[in-house]
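Chemist: below: sequence and its predicted model.
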Amino acid sequence: MATAIFSNPKFSPTITTTSSKNHYHYQRRTHLLLHDKVQAFQAASLKLNPNPHYKKPQIVSCQSSGSESPDTEKVRRPEYIPNRISDPNYVRIFDTTLRDGEQSPGAALTSKEKLDIARQLSKLGVDIIEAGFPAASKDDFEAVKIIAKEVGNAVDADGYVPVICGLSRCNENDIRRAWEAVKYAKRPRIHTFIATSPIHMEYKLRKSKEQVIEIARNMVKFARSLGCDDVEFSPEDAGRSEREFLYQILGEVIKAGATTLNIPDTVGYNVPKEFGELIADIKANTPGIENVVISTHCQNDLGLSTANTISGACAGARQLEVTINGIGERAGNASLEEVVMAIKCRGDQQLGGLYTGINTRHISMTSIMVEEYTGLQVQPHKAIVGANAFAHESGIHQDGMLKHKGTYEIISPEDIGLERSNEAGIVLGKLSGRHALKQQLEELGYELEDEQLESIFWRFKSVAELKKRITDADLRALVSDEVFQPEVIWKFVDLQVTCGTLGLSTATVKLIGSDGKEHVACSVGTGPVDSAYKAVDLIVKEPVALLEYSMNAVTEGIDAIATTRVLIREETSDLSGHGSTVERVTRTFSGNGSGMDIVVSSVKAYIGAINKMLGFKDRTVVNSSEERIPISA
């Protein structure tokens with residue numbers, strides 16, 4: 001591994017270049033600091049095409065029992081009824097990646113990206129998609145509305161269609177706004193909340209218990225009066241609330257028409273035994289509890305979110321609120337992939353027969369998509385979806401794996417959608433044609449339109465002229481660079497740099513603007529990347545600060561393709577808040593680029609981040625009820 005750190009007096013980023021070896025026989029995406037794990041997901045006009053050589057595994061490799069698991073593609077999903085589940089063992093998966101997940105620092109999603117992720121969540125089979133917080137901003141409202149219209153009406157052959165949910169505080173404006181966004185879905189839901197812990201009621205709400213109960217009851221009634229027959233209520237910070245008060249307020253909202261009661265450990269304070277007892281006590285002591293579904297929402301401040309969620313399910317919760325890759329406020333949320341695979345692997349033996357409707361073979365694809373769009377990297381040792389999750393480097397472990405995979409793997413990589421090494425024997429090089437390239441891309445899970453394939457083919461040929469062999473990692477990087485980019489406002493055309501120890505580095509950059517005109521600028525800097533970025537700034541004329549810069553060689557060797565990721569912040573920021581508590585929220589935007597020239601890949605990443613930032617410039621804050629409001633329900 002080679003690491004180089006440079007100093008940029010203007011931006012002061014840390015530039016890290018790494019090269020890593022693929023330690024295991026699965027064609028796993030390779031990464032250390034960055035993202036060779038990019039682009040095997042469905043986005044825009046791209047859609048997943050199953051590998052024709054792939055043989056679907058029938059057994060989850062839980063070696064303690066070896067028992068068969070339900071076919072993930074033919075799950076016995078019960079008919080959806082808002083306030084009850086006909087099968088007591090079925091657990092609904094409520095995904096809040098697009099709402100709570102987007103509240104992660106640095107995660108800024110465009111409406112198109114939210115729609116792409118919602119489509120993939122539907123492909124994954126989640127029961128409820130919390131598409132956003134419609135009252136937070138005009139952009140959030142429109143994104144939720146589009147998702148409700150498109151994804152919320154895409155009924156499959158088995159009758160499955162996800163519930164589309166919008167979050168709201170307990171006030172009429174929020175609830176009305178949420179309903180206006182989600183009402184177009186076949187199965188719309190309003191999720192409303194108010195804090196119930198002593199510290200929140202005293203210092204944040206400045207309201208008495210009686211006032212909080214009255215507000216909750218009236219707002220659930222109001223949501224039902226709009227025509228919404230699926231209303232979820234959350235007592236924020238339930239994990240630190242008084243039990244008797246919880247029983248009382250929950251009983252009142254049930255009478256008011258709530259269909260799901262979500263019990264959030266908002267600050268990640270509880271431990272598994274404690275949280276399981278909380279769910280059990282609510283189930284035993286809340287009047288009318290038999291008429292609703294109990295849900296969990298566990299934050300990860302103490303690293304216990306997955307454990308608390310599973311504990312809640314064992315105690316009677318039948319809806320689990322999670323996010324892809326566990327992203328979210330502060331330390332994040334319970335991770336969908338961890339919760340779902342724990343239930344799939346141990347549901348029969350230790351969890352009383354619990355099961356979900358998730359098609360786990362789409363977990364890896366969904367994880368990559370969310371990571372790519374949010375710019376939030378998955379650490380290598382992350383359970384289920386981390387780069388090292390199925391890596392075996394120890395000699396003892398490798399010996400065991402060669403003799404029987406069950407010695408050190410309790411689940412199979414195929415179960416989450418990771419493909420095995422190329423079984424067709426195709427080796428791509430400079431003499432390969434379009435058909436071979438297309439077939440290999442299909443093996444990796446891509447189905448491209450002709451125009452996209454043509455564009456990638458010529459990029460492939462140019463790389464193949466310089467490399468003896470093109471690997472799957474190279475192909476993923478090329479697909480990422482050609483397809484998974486934000487809407488083009490500024491397009492990269494040419495770059496020329498001069499650098500070394502004999503003088504200042506100089507860069508000349510040519511871009512094409514949205515008007516089709518060419519723009520050229522030249523600048524000097526402390527290095528080739530610094531000078532190139534300054535030249536881009538002269539053309540774009542947008543004040544930004546470079547927060548992070550990372551580079552990864554996707555394969556070994558001096559001829560490796562470099563994949564660069566940057567994180568930028570606009571120098572100006574949005575006002576956000578409600579009432580008298582207006583605060584300044586700083587958005588950050590990520591971009592990535594790939595190429596055999598590290599300066600070219602760096603400029604592509606920088607322009608991609610700028611394009612994403614400029615895409616947000618069109619968002620107009622209408623009034624205080626539409627300003628972006630941080631929420632931690």
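Modeler: Yes, it's here.
Chemist: backbone phi and psi for residue 235, please?
Modeler: phi -80, psi 100 (degrees, to the nearest 10).
Chemist: and it, what are its bridge partners?
Modeler: Residue 235 forms beta bridges with residue 194, as assigned by DSSP bridges.
Chemist: ok, it to residue 297 distance?
Modeler: Distance, residue 235 to residue 297, by Cβ to Cβ, to the nearest Å: 11 Å. Every residue, glycine included, has its C-beta placed from N, CA and C.
Chemist: what is in contact with these two at once?
Modeler: Counting by Cβ atoms under 8 Å, 6 or more residues apart in numbering, the contacts common to residue 235 and residue 297 are 263-264.
Chemist: looking at those two, which is more packed in?
Modeler: residue 297 (32 against 27; other Cβ atoms under 10 Å).
Chemist: now do the contacts for that one.
Modeler: Counted by Cβ under 8 Å, 6+ apart, residue 297 has contacts 96, 234, 262-266, 321, 333-334, 633.
Chemist: 7 Å - rerun?
Modeler: Applying Cβ atoms under 7 Å, 6 or more residues apart in numbering, we find residue 297 in contact with 234, 262, 264, 321.
Chemist: helix or strand for it, which one?
Modeler: Using DSSP states H and E, residue 297 falls within strand 293-298.
Chemist: partner strands of that strand, with direction?
Modeler: Strands adjacent to strand 293-298 in the sheet, as given by DSSP bridges, are strand 260-265 (parallel), strand 319-322 (parallel).
Chemist: list the contacts of the last one.
Modeler: When you say that, I think you mean strand 319-322. 91-96, 260, 262, 293, 295-297, 309, 313, 333-336, 339.
Chemist: again, but for stretch 216-225
Modeler: Stretch 216-225 has contacts (Cβ under 7 Å, 6+ apart) with 170-172, 175, 190, 192, 194, 231, 233, 249, 252-253, 256-258.
Chemist: change it to 10 Å
Modeler: Contacts to stretch 216-225, defined as Cβ atoms under 10 Å, 6 or more residues apart in numbering, come from residues 168-172, 174-176, 178-179, 189-194, 196, 228-235, 249-259.
Chemist: which of the residues you listed count as buried?
Modeler: Neighbour-count burial (16 or more other Cβ atoms under 10 Å) applied to the contacts of stretch 216-225 gives 168-171, 174-176, 178-179, 189-194, 196, 228, 230-235, 249-254, 256-259.
Chemist: out of these, name the ones that lie in helices.
Modeler: For the buried ones among the contacts of stretch 216-225, membership in helices holds for 174-176, 178-179, 249-254, 256, with DSSP state H as the criterion.
Chemist: how many neighbours does residue 284 have?
Modeler: With other Cβ under 10 Å as criterion, residue 284 counts 11.
Chemist: which helices and strands sit right next to the strand or helix carrying it?
Modeler: Using DSSP H and E, residue 284 sits within helix 272-285. Packing contacts for helix 272-285, counted by 3 or more Cβ pairs under 10 Å, 6 or more residues apart in numbering; DSSP states H and E, involve helix 243-256, strand 260-265, strand 293-298, helix 305-314.
Chemist: run the last query once more with 6 Å
Modeler: When contacts are defined as 3 or more Cβ pairs under 6 Å, 6 or more residues apart in numbering; DSSP states H and E, helix 272-285 packs onto helix 305-314.
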